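Colleague: Take a look and give me a structure for this.
(chains A and B)
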Amino acid sequence: MRYVAWTLICLLVVLHQCTLPWQSKTLWLGFIPGVLGYHVVISLATAGAWALVVKFAWPADLDTSSPGTGVPEYVLPREDPGEGDS
Amino acid sequence: MTQLAIIIGYLCLLLGFGVLAQRRSQGTARDFMLASHSIGPVLLLLSLFGTTMTAFALVGSTGKSFQWGVGVYALMASSSGVVHSLCFFLVGVKIWSIGRRNGYTTQVQYFRERLESRNFGTLLFVVLVLLVIPYLLIGILGGGAVIHGITGIVPTWLGSLMICTVVLTYVFIGGMRGTAWANAFQTVIFMVLGLVAFLVIANKLGDGEGIWSGLVKATAHVQEDHPEKLVMGPPVFTSLFFMSYLLIPLSAAMFPHIFQHWLTARSASTFKLPIIVHPIFITIVWLPCVLVGTWATSAMVNGEPLIPPDLDNVNAVLPMMVAKLSGPVLSGLLAAGILAAVMSSLDSQFLCLGTMFTNDIVLEIQGRDRYSDRQVVALARGFIVGIVVVTYLISLLKPAGIFDLAIWCFSGFTGLVPLVVASLYWKRITLAGATASVLVTVASWIYFFSQAGYPPDLKYKFLGMLPVAAIFVLSTLALVVVSLLTRPPSDQTLARFFTDGKDRRAAS
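Modeller: Numbering: from 1, shown residues only, chains lettered A, B, ... in the order given. Below is the predicted model of the structure:
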């Protein structure tokens, strides 16, 4: 599914570049010009595609450090300098 | 006067956030700059969205739609939905992980260690500050234009000064925690009030026959008078030009204030909500603005055009529409909503500048044990005031269109994106390659900007595209070619930045 999710993202980029709806005279709901409606649909579909990416292609090993247990922030003054840092 | 009173009331409310956040503060520099890594998904979503949506998104998009029509949504909004979330996913999450592990507070710290060079960090600091100044200018110009446009009595320079003062105050009092809270609050405010403004304007344009009738009539007027604004095509929109716009939202990956917001996240999973919902939020903000800007081309009141067709200062389109089509109370509230969008970016930018100056320049050069926490915070505040004064003075010179200024500013940041992507995913990147990339970005940006003239506009194209395309390609080429020709970084450094899960667990 991770490949499907990323393929969807790529497809949306391609659809975003499609010029076919540019000259559309249609009015969606009577007031949204065709090209604008087309791009609003792309925006909403993007959210769906990102939901799939987050669900199926999320990196597995990122949340191993719990809040506040990281290496001391050497960058800030008067805190443990660099301990445990390789 | 009613509008002014409401605006002042809103600004006072924001100061209250700073005070509240100060009470919750742990009183340390880390809390001031990163809110102790305590920001959850909803707050991260709202603060990231509020930070990326500037005066550019409201005032700029409306003004540019007045000139170019509904195609502005396709240029920036739908592309940003894809690209911003891509930046959050591919760059933000990884930066959070590395930053958390190594205790980074700013971009400059990360690059200094990744490329094993103190001088590179200083070079990057100077370039980032120079690029953030026009970004600040967008907000300061936008805030002044809105207050002037709505009240009619407060001059633009005073409006800009009010905005700067309030944001500086609540950032100084509340630090990152206050900024994140104010950001979240202001994001909700500008989204809700933005929708209200849209509906009120539609209702007025419908001659009292209701909102739906107003929506239909407003577009019908444009269809009669300016049908070219409802479609896309030459001379403004060409395929190459349109494609090059895809590179503009990439700039978010190198915004120093976004980088700092990423580091405030409680965990990597915190990013999931912003990645999914960000494109929807963009639609909620941009769709009404683009429609209002397009309607403004043909809207009439008592037989007169609502907005003069030859209006020079397109930054004034949204405030003028709001002021002319709503009552004093509502227009005051709507002004507060627009200002919320402006200030929700300025605050993060102010804070980030102060953090970079103290951590990356003063403490790096003078030594980290020389100053107490209190002195560090005071230094940060002093630098922020200096930059804001300079930017404010620039804003008093000949104003530029917010949209155009933003595109140029974002083009510079986009030129730096190959650097951050390569640093995260390409072990072979070298200090010389990174330096070449930054210098090529600066040189090419200056060249193209000088060719385009000032005030900057977007009529200038290079090979039929926005100059950002050339800047991006040149920057990438410089990075890759010079990196391959020079000595790779040490194994020790690579081990710190390209670890597997086991190493990471060991580090924590």
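
Colleague: make it CA atoms for all contacts and neighbour counts henceforth
Modeller: Will do.

Colleague: Closest to the centroid, which residue in chain A?
Modeller: Closest residue to the average C-alpha location of chain A: A:Trp50 at 5.2 Å, with Cα atoms, centre = their mean.

Colleague: Correct me if wrong: that one contacts A:Leu12.
Modeller: No: counting by Cα atoms under 8 Å, A:Trp50 stays clear of A:Leu12, with 10.8 Å between them.

Colleague: low-confidence ranges in chain B?
Modeller: B:18, B:21-38, B:174-178, B:398-400, B:454-458, B:500-508 (pLDDT under 70).

Colleague: C-terminal to the helix or strand hosting B:Ala182, what's the next element?
Modeller: Here B:Ala182, judged by DSSP states H and E, is contained in helix B:156-205. Next along the chain after helix B:156-205, taking DSSP H and E as the criterion, comes helix B:211-225.

Colleague: Run through who's touching the following helix or strand past that following helix.
Modeller: Sequence-wise, the next helix or strand downstream of helix B:211-225 (DSSP H and E) is helix B:239-244. Residues from elsewhere that reach helix B:239-244, judged by Cα atoms under 8 Å, 6 or more residues apart in numbering or on different chains: A:Gln17, A:Thr19, B:Leu75, B:Lys461, B:Gly464, B:Met465, B:Leu466, B:Val468, B:Ala469.

Colleague: distance between helix B:239-244 and the chain's centre?
Modeller: Computed by Cα atoms, centre = their mean, to the nearest Å, the chain-centroid distance of helix B:239-244 equals 22 Å.

Colleague: Report the buried residues of that helix.
Modeller: B:Phe241, B:Phe242, B:Met243, B:Ser244 (16 or more other Cα atoms under 10 Å in any protein chain shown).

Colleague: Looking at these, spot the one nearest B:Cys164.
Modeller: B:Ser244 (33.3 Å; Cα to Cα).

Colleague: Quick one: buried ones out of the contacts of helix B:239-244?
Modeller: A:Gln17, A:Thr19, B:Leu75, B:Lys461, B:Met465, B:Leu466, B:Val468, B:Ala469.

Colleague: Farthest-apart pair in these, please.
Modeller: A:Thr19 and B:Val468 (21.2 Å).

Colleague: per-residue confidence for A:Thr64?
Modeller: For A:Thr64, the model assigns a pLDDT of 51.

Colleague: B:Val388: what's its closest spatial neighbour, skipping adjacent residues?
Modeller: B:Cys164 (7.4 Å; Cα to Cα, 6 or more residues apart in numbering or on different chains).

Colleague: Look at that neighbour and say how many residues are nearby.
Modeller: B:Cys164 has 25 neighbours, counted by other Cα atoms under 10 Å in any protein chain shown.

Colleague: That one and B:Thr391, how far apart?
Modeller: Counting by Cα to Cα, to the nearest Å, the gap between B:Cys164 and B:Thr391 amounts to 10 Å.

Colleague: what does B:Gly69 give?
Modeller: 31 Å.

Colleague: So for those two, which sits in the more crowded spot?
Modeller: Taking other Cα under 10 Å, B:Gly69 and B:Thr391 do not tie; B:Gly69 has more neighbours (29 against 21).

Colleague: okay but B:Gly233 is in contact with A:Gln23, surely?
Modeller: Yes: the pair B:Gly233 and A:Gln23 qualifies as a contact (Cα under 8 Å) at a distance of 7.2 Å.

Colleague: Can you name the residue of the stretch 1-150 of chain B nearest chain A?
Modeller: B:Gly103 (4.2 Å; Cα to the nearest Cα).

Colleague: Tell me how many other residues crowd that residue.
Modeller: Residues near B:Gly103, counting by other Cα under 10 Å, number 22.

Colleague: Could you give the backbone dihedrals for it?
Modeller: phi 80, psi 40 (degrees, to the nearest 10).

Colleague: Equivalent analysis for B:Phe462, please.
Modeller: Dihedral angles (degrees, to the nearest 10) for B:Phe462: phi -120, psi 120.

Colleague: Could you find the closest non-adjacent residue to it?
Modeller: Residue nearest to B:Phe462 in three dimensions, not counting chain neighbours: B:Ala470, with 7.6 Å by Cα to Cα, 6+ apart.

Colleague: name the element that neighbour belongs to?
Modeller: Assigned by DSSP H and E, B:Ala470 falls in helix B:467-485.
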